[in-house]
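J.: dropping the sequence and predicted coords here.
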Amino acid sequence: MFVLHKMATSPSSSLCSFSLFLSKPSSLPLLKPPLLSLHSPPLKRFISTASELQHDTQARRRTLIGSPYTKTSPLLSLSTAAIATESATVSHNDTAENEETEKLVLPTNDSSEKLLRIRHTCAHVMAMAVQKLYPDAKVTIGPWIENGFYYDFDMDPLTDKDLKRIKKEMDRIIGRNLPLAREDVSRDEAQRRIMAVNEPYKMEILESIKEDPITIYHIGDEWWDLCAGPHVESTGNINRKAVELESVAGAYWRGDEKKPMLQRIYGTAWENEEQLKAYLHFKEEAKRRDHRRLGQDLDLFSIQDEAGGGLVFWHPKGAVIRHIIEDSWKKTHIEHGYDLLYTPHVAKADLWKISGHLDFYRENMFDQMKIEDEQYQLRPMNCPYHILVYKRKLNSYRDFPIRVAELGTVYRYELSGSLHGLFRVRGFTQDDAHIFCLEDQIKDEIRGVLDLTEEILLQFGFRRYEVNLSTRPEKSVGDDDIWEKATSALRDALDDKGWSFQIDEGGGAFYGPKIDLKIEDALGRKWQCSTIQVDFNLPQRFDVTYVDSNTEKKRPIMIHRAVLGSLERFFGVLIEHYAGDFPLWLSPVQVRILPVTDTQLEYCKEVISKLKGNGIRAEVCQGERLPKLIRNAEKQKIPLMAVVGPKEAETQTVTIRSRFSGEVGTIEIDDFISRIKSAIERRTSL
């Protein structure tokens, strides 16, 4: 198993503004669209990163007790503190035990100033190398990122062969041990130098810098960059064998699709070769678990071009797992006192005007549709619907708390370049719920949500969490008193639960404080999943009220919360967490019957009938020699194979092979069924 734990960084305060190769010609090349589609780097696309610092591992690890399953879940950002164990195989019951093996902990940008400086300098060295090899290339920005660095260039499309040339030039620059020197210049001087080398993007960046003087970093006397640092003292401080260029992608300038498409080169850099090898090992393991590939190989879901990007088709096997998730979710909510809702997919546009979405969220909403002279809108959220259900009658203080929940499908406009499997889609189903309560009920309701969240996540094998409490931002609605009460209630509920958490000062939404929970998967990646959000905004916008004990109208507290986030994204996390090798209780096909010859088919049908009659998902596979049938079942990750030959048909038995336990032996059908049902109930393997 290979595990990464990472701390997300915010390098915006010291982004590499741009870089200059001093001998560049002054002509500005024509802009050409890249041949590559817009996408994130391969690893960045499916890794969620929020990790423990090396010196604070225990404080940042959120471990909850309960399930024997320890496999835990991005967008996902890749953290750079990695833990590598000796085996790449993770069983469903022994992840925690595996974590006791020898580990290699990789540093993060936060935990290692040296690593951050290396990565920042590598971005400069790469840009210098590009402009030496391609003098017409225009440079833009080049920051360090969580697992390395990147730089954007306005130039012709690049190939893998080009990346090899650039890496060789980087090695030469590193080998020359060129010093990095900082220089402070006036704004006028910086402008003069930029104009002298004809770098339009740099001029735009200079205009956005408000502080004076302007800081410049030089590599030797050959190349310079508008930058605040930090950097290593010389290029010789970089281990060239610990640096690798990973990929090239298209990226719009400033992230605006109306602006030029640039060539973005991603690289990774580490302190030594051992760290790079560990990172690449993790990257390969993450690639093996990519839910897009496994979704196709296991026939779980697809996104059809004929229907449009970002719209998910759940195939029969994937739909079975969704059904299990939904049933479990509904059952748990009902047990916790929630009423289930089903609400429309569209509503009059005026509803979204009242909610504020048309003013503040319009760019994420699809265009309106006209129906009988009125404008209607596909819903991007479920909240206004739940408020309308609440407002259908006058509520008394005696009615509280009121809890409503819905698996509600919403639609949000996303650029095609940002779509990514199940993790970024245009139509998805939120596990949405809202609680209406009194001020003195906030703490108990939050604690109830935490209990429910733990129960649901443990069902699917997630027991390691990172928890953050976000407090009031500078701009917000609601008076000081209610903010203080709500924030204290969230904090007290977490303390009562016994969960460690971090405070994100000022990180709350403008309409209320919140708790965010990230689940950790089998690779140690963190995935933003559960959210609990107090809302002082929508109750006011919709004039939500109740009648108190003095028959006066008051405004209740409204709490938004989601446990899984969305079914699509959570399913993607599950696929990658288990590498498609789902535990017996969750597997879409639990048993595959394999007849040795066609003469056993009649008995196989009897076995299938008994299995299905006991709620066990089973199928017969035939038409090939037995060894191939077994290989096919292994490829499809079927938990149990039941081989049926002449002897088994005669004795009314089956010979069982388990993916998790190997050969089980020959047993009677009723015993087989009993053992399966017991394993499913205990959520263990057979």
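T.: Okay, I see it. What you see is a predicted model; the values in this text were computed from it and never measured.

J.: which ones are touching P639?
T.: 582-584, 587, 590-591, 658-660, 685-686 (Cβ atoms under 8 Å, 6 or more residues apart in numbering). Just so you know, the C-beta spots here come from the backbone N, C-alpha and C atoms, and that holds for glycine as well.

J.: out of these, who's the most crowded?
T.: V591 (27 neighbours; other Cβ atoms under 10 Å).

J.: tally of neighbours for the closest residue to that one other than its chain neighbours?
T.: Sequence neighbours aside, A618 is the residue nearest to V591 in space, at 4.1 Å (criterion: Cβ to Cβ, 6 or more residues apart in numbering). Neighbour count of A618, defined by other Cβ under 10 Å: 21.

J.: how much space between A618 and G565?
T.: 32 Å (Cβ to Cβ, to the nearest Å).

J.: could I get the buried residue list for stretch 677-686?
T.: The neighbour-count check on stretch 677-686 (16 or more other Cβ atoms under 10 Å) flags 679-680, 683-686 as buried.

J.: repeat for stretch 201-215
T.: Buried residues in stretch 201-215 (16+ other Cβ under 10 Å): 201-202, 205-206, 214-215.

J.: re earlier: tell me the one among the contacts of P639 nearest to D440.
T.: For those, the residue nearest D440 by Cβ to Cβ is P583; the value is 41.8 Å.

J.: and that closest one, what element?
T.: If you go by DSSP states H and E, P583 is not part of any helix or strand.

J.: ok, G572 next?
T.: Using DSSP H and E, G572 maps to helix 567-578.

J.: in helices, which of the buried residues of stretch 201-215 appear?
T.: Among those, DSSP state H puts 201-202, 205-206 in helices.

J.: ok, so of these, who is nearest T453?
T.: Nearest to T453 among these, with distances taken as Cβ to Cβ, is I205, at 43.1 Å.

J.: in terms of pLDDT, where does that closest one sit?
T.: The confidence metric pLDDT takes the value 93 at I205.

J.: what does N550 give?
T.: N550 carries a pLDDT value of 95.

J.: ok, now which ones touch it?
T.: N550 makes no contacts at all, as judged by Cβ under 8 Å, 6+ apart.

J.: from E624, how far out is it?
T.: The gap separating N550 from E624 is 77 Å, by Cβ to Cβ.

J.: next one: L586
T.: Distance of L586 to E624, given as Cβ to Cβ: 27 Å.

J.: higher neighbour count, those two?
T.: Legend: neighbour count by other Cβ under 10 Å for L586 and E624, higher for L586 (21 against 12).

J.: quick one: pLDDT of the closest residue to D184 other than its chain neighbours?
T.: Distances taken as Cβ to Cβ, 6+ apart put P213 closest to D184, at 4.2 Å, once the chain neighbours are dropped. P213 is assigned a pLDDT of 93 by the prediction.

J.: I'd say P213 and R182 touch.
T.: No. The pair P213 and R182 does not pass the contact test of Cβ atoms under 8 Å, sitting 10.9 Å apart.

J.: pLDDT weak spots in the stretch 401-550 of the chain?
T.: Regions of the stretch 401-550 of the chain meeting the criterion pLDDT under 70 are absent.

J.: circling back: need the contact list for the residue nearest to D184.
T.: Applying Cβ under 8 Å, 6+ apart, we find P213 in contact with 184-187.

J.: for E189, see how far away it is.
T.: Distance from P213 to E189, by Cβ to Cβ: 9 Å.

J.: joint contacts of these two?
T.: By Cβ under 8 Å, 6+ apart, no residue touches both P213 and E189.

J.: burial of E606, as a residue count?
T.: 13.

J.: hmm, I typed the wrong one, I wanted L180.
T.: Neighbour number of L180 under other Cβ under 10 Å is 23.

J.: before we move on, what about K610?
T.: 15.

J.: quick one, grab the pLDDT at it.
T.: 97.

J.: please identify the helix or strand for F153.
T.: With DSSP H and E as criterion, F153 is part of strand 148-154.

J.: now for the helix holding G572, which elements pack on it?
T.: helix 291-297, helix 316-335, strand 427-437, strand 526-535 (3 or more Cβ pairs under 8 Å, 6 or more residues apart in numbering; DSSP states H and E).
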